[in-house]
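In: structure for the following, please:
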Amino acid sequence: MKIVVIGGTGMIGSKLVTRLGEQGHDMVAAAPNTGVNTLTGDGLADALKGASVVIDVSNSPSFEDEAVMRFFETSTRNLLAAEAAAGVAHHVALSVVGTERLPESGYFRAKVAQEQLIEKSSVPYSIVHATQFFEFVGGIADAATVDGTVRMAPVLFQPIAGDDVAQAVARVAIEAPLDGHVEIAGPDRFRMDEFFREALAARHDPRAVVTDPHARYFGAGLSEGTLVPAGDAILAETRYRDWPGRTVAGR
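Out: Below you'll find the model as predicted:
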């Protein structure tokens, strides 16, 4: 089966290309650096010829409100139109748990817009909502740093390893379209402030983590369950304490 991965040279995309390729599928890693640009449409029609499944794990190069909305709306419209023309049978998109609960954030508003376009399209689809990746611990801490301290709300936090995200998305991609959503999360729930206090210490990061109920997450306020699955979810196997990257030094 031919499977095209949009964002196929990125962190999750490259894992998908490798994993599904090892299962015998004909894989195409589609990205601007391989000649496929979903914003301009360049190379898209050729890449999708004969494809049965398209997996979109691409991300905006800018998180500025207008830029990120433009990216997800333009890219998704172009991609869905090309898929319909090529007869693609399954569109799979990776999104974020809690997206609809974070309207204050321009990034998450853009992800909601992306999902709405997918849901209204004629192409059968599956949307995978994942919690925050282990690999993003440093970036989340950087975004929460104010005057040298990391300010974190004491809300629930259930991160997941990138490898486990790729495994779940790959499984969804080769099954029948859900025409709906599925949520995936790590096996353990933490308090966000406590998690980052321990995680940064393991990385030998000298920043102090301050518990702040009013701390914002990429511009949005958080409630107790904003960042974790609201109901049933697929739970991954890798625990943060066992993840090889947890002790990476520095920021």
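In: low-confidence ranges, the stretch 51-200 of the chain, go.
Out: Within the stretch 51-200 of the chain, no range satisfies pLDDT under 70.
In: where exactly do the strands run in it?
Out: Applying DSSP state E, counting those that start in this stretch to the stretch 51-200 of the chain gives strands spanning 53-56, 90-96, 125-130, 145-146, 149-152, 156-157, 180-185, 190-191.
In: in its sheet, which strands sit next to the longest one, and in what direction?
Out: Using DSSP bridges, strand 90-96 pairs in its sheet with strand 53-56 (parallel), strand 125-130 (parallel).
In: contacting residues around it?
Out: Strand 90-96 is touched from outside by 12, 52-57, 79-80, 83, 108, 111, 114-115, 118, 121, 123-132, 165, 169, 172-173, 176-177, with contacts defined as C-beta atoms under 8 Å, 6 or more residues apart in numbering. All C-beta atoms are positioned from the backbone trio N, CA, C, and that covers glycine.
In: the inter-axis angle of that strand versus strand 180-185?
Out: Strand 90-96 runs at 40 degrees relative to strand 180-185, counting by axes from the mean of the first three to the mean of the last three C-alpha atoms, to 10 degrees.
In: how about strand 90-96 as CSV, C-alpha atoms only?
Out: Provided in CSV are the C-alpha atoms of strand 90-96 (Å, rounded to 0.1, in the frame of the first residue of the first chain):
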residue,chain,number,x,y,z
HIS,A,90,-7.9,7.6,4.2
HIS,A,91,-6.6,10.9,5.6
VAL,A,92,-4.9,10.7,9.0
ALA,A,93,-4.0,13.8,11.0
LEU,A,94,-2.0,14.2,14.2
SER,A,95,-3.4,16.8,16.6
VAL,A,96,-3.3,17.6,20.3
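In: ranges for the helices of the stretch 101-250 of the chain?
Out: 106-120, 137-143, 162-173, 192-202 (DSSP state H, counting those that start in this stretch).
In: of these, flag the one that's most buried.
Out: Comparing the helices of the stretch 101-250 of the chain by mean neighbour count (mean count of other C-beta atoms under 10 Å), helix 162-173 ranks first with a mean of 22.
In: what sits up against that one?
Out: For helix 162-173, the external contacting residues (C-beta under 8 Å, 6+ apart) are 3, 11-12, 15-16, 19-20, 23, 53, 55, 57, 90, 92, 94, 126, 128, 130, 133-135, 178, 182, 184, 186, 234, 236-238.
In: what about the closest residue to residue 150 other than its chain neighbours, distance to residue 5?
Out: Nearest non-adjacent residue to residue 150, counting by C-beta to C-beta, 6 or more residues apart in numbering: residue 209, 4.6 Å away. As judged by C-beta to C-beta, to the nearest Å, residue 209 and residue 5 stand 36 Å apart.
In: likewise for residue 38?
Out: Computed as C-beta to C-beta, the residue 38 to residue 5 distance reads 12 Å.
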